[in-house]
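Peer 1: here are the coordinates; sequence isn't available:
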């Protein structure tokens, strides 16, 4: 939450969701519907999301703008009393470069609020028809990325995280897919099933099934360079309907506080 101010309308950081314009939250859609100015990353946010903005709203594609220019645009319109929406792909809290924008607004004493969104990992699960947290298989989901131009802390290297053998969704790493596969093989095994979901929920959506052994070749043949997540999880090798994996939630012998 930003610094209080006498201005009426805070800047709204809105999670656009994974791409399907119907997967934006109701609150996010309403925010767009009242916007006077929408700053969005054109290389990531599909144009279809802008249908929720009114026709009079100014649309600013920030794809070629640096942080200072983005913040300057938000400040300019906010100070004029306009309703400003900063539209982020997926959820703003995940790989959204959100902190630096909030810090800049705090320094300028500009009020803001955040509206969460649906991240690609959950759209990918829906497409694959899987439950990341399957009883007696895994109860943990790790969202991470491979170190590239943006480093990751040493204790969060992919091979160390893989040691948990939990469900894992790897963002921003298809261009480093060979390194991803090598980092995961030690824990999951080279025959472990995995999947790549490209543009989850969008008309261009594509799903690639592979093993860690064949993953680099599969991605290379499909010529995927971005906008995709890599899913590796022991749940991918479990047949649906396996009776031993039923949860306790709907077990008639299990006492519940609620369900």
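Peer 2: Alright, I've got the coordinates. Predicted model, so just to flag it, every value in this text is computed and none were measured. Residues are numbered from 1 along each chain as shown.
Peer 1: Run through the helices of the stretch 101-250 of the chain in chain order.
Peer 2: All helices of the stretch 101-250 of the chain, identified by DSSP state H, counting those that start in this stretch, fall at 120-128, 158-162, 177-188, 215-222.
Peer 1: Report the mean per-residue pLDDT for the longest one.
Peer 2: By that I understand helix 177-188. For helix 177-188, the mean pLDDT works out to 96.
Peer 1: Run through the neighbouring helices and strands of that helix.
Peer 2: Helices and strands touching helix 177-188, as assessed by 3 or more Cβ pairs under 8 Å, 6 or more residues apart in numbering; DSSP states H and E, comprise helix 158-162, helix 215-222, strand 228-232. Glycine gets a C-beta too; all of them are placed from N, C-alpha and C.
Peer 1: Give me the distance from the first one to the chain's centre.
Peer 2: Going back to what we said before, that points to helix 158-162. 20 Å (Cα atoms, centre = their mean, to the nearest Å).
Peer 1: Repeat that for the last one.
Peer 2: Here strand 228-232 shows a centroid-to-chain-centroid distance of 11 Å under the convention Cα atoms, centre = their mean.
Peer 1: now the angle between helix 120-128 and it, please.
Peer 2: If you take axes from the mean of the first three to the mean of the last three Cα atoms, to 10 degrees, strand 228-232 sits at 70 degrees to helix 120-128.
Peer 1: Tell me the strands beside strand 228-232, with direction?
Peer 2: strand 167-171 (antiparallel), strand 193-198 (antiparallel) (DSSP bridges).
Peer 1: Same list, these, but as CSV with distance to residue 68, mean pLDDT and mean neighbour count please.
Peer 2: Compiled in CSV, the strands paired with strand 228-232 are given as follows (distance: least, Cβ to Cβ, whole Å; pLDDT from 0 to 100; neighbours: other Cβ atoms under 10 Å):
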stretch, distance to residue 68, mean pLDDT, mean neighbour count
strand 167-171, 26, 97, 24
strand 193-198, 32, 96, 22
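Peer 1: Between those, which one is closest to residue 99.
Peer 2: Evaluated with Cβ to Cβ, the strands paired with strand 228-232 place strand 167-171 nearest to residue 99, the distance being 16.8 Å.
Peer 1: can you list contacts of the closest one?
Peer 2: Strand 167-171 has contacts (Cβ atoms under 8 Å, 6 or more residues apart in numbering) with 94-95, 120-121, 124, 132-133, 138, 140-146, 158, 161-162, 180, 184, 229-235.
Peer 1: Could you do stretch 214-231 as well?
Peer 2: Counting by Cβ under 8 Å, 6+ apart, 44, 120-121, 124-125, 128, 130, 167-175, 177-178, 180-181, 194-200, 206, 208-210 sit against stretch 214-231.
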